[in-house]
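Student: this is the structure alone, sequence omitted:
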């Protein structure tokens with residue numbers, strides 16, 4: 001799966017969580033501020049995890065390319 005898919009997925013899922021928190025505050029339900037804070041924190045963690053995984057995959061691909069180059073040179 002490509003990076004664009006995961007970034008889009010994280011963005012849509014984050015918007016759903018934030019909208020749920022905002023709806024809770026607008027309706028004035030119990031613990032509505034806690035739900036809003038949790039939704040922002042969850043969205044932040046989800047976006048950070050998506051960014052970190054894309055960075056790690058980029059480093060892994062670069063490492064594998066170097067390894068393959070060394071392997072082919074050794075033959």
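Tutor: In hand now; what should we look at? Because the structure is predicted, anything quoted here is derived from the model rather than measured.

Student: from here on, contacts and neighbour counts on C-alpha atoms
Tutor: Noted.

Student: test for you: state the pLDDT assigned to the most centrally placed residue in the chain.
Tutor: Nearest to the mean C-alpha position of the chain, by C-alpha atoms, centre = their mean, lies residue 50 at 2.6 Å. What the model reports for residue 50 is a pLDDT of 90.

Student: residue contacts, it?
Tutor: By C-alpha atoms under 8 Å, 6 or more residues apart in numbering, the residues touching residue 50 are 6-7, 10.

Student: tell me the phi and psi of it?
Tutor: Backbone dihedrals for residue 50, given as degrees, to the nearest 10, come out at phi -70, psi -40.

Student: quick revisit: by neighbours, which of the contacts of residue 50 wins?
Tutor: Counting neighbours by other C-alpha atoms under 10 Å, the top entry in the contacts of residue 50 is residue 10, with 21 neighbours.

Student: now do the same contact list for that residue.
Tutor: Applying C-alpha under 8 Å, 6+ apart, the residues near residue 10 are 43, 46-47, 50.

Student: let's have these in JSON lines, adding distance to residue 21 and secondary structure.
Tutor: Below are the contacts of residue 10 laid out as JSON lines (distance: C-alpha to C-alpha, whole Å; DSSP: H, G, I helix; E, B strand; the rest coil):
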{"residue": "43", "distance to residue 21": "11", "secondary structure": "helix"}
{"residue": "46", "distance to residue 21": "16", "secondary structure": "helix"}
{"residue": "47", "distance to residue 21": "17", "secondary structure": "helix"}
{"residue": "50", "distance to residue 21": "21", "secondary structure": "helix"}
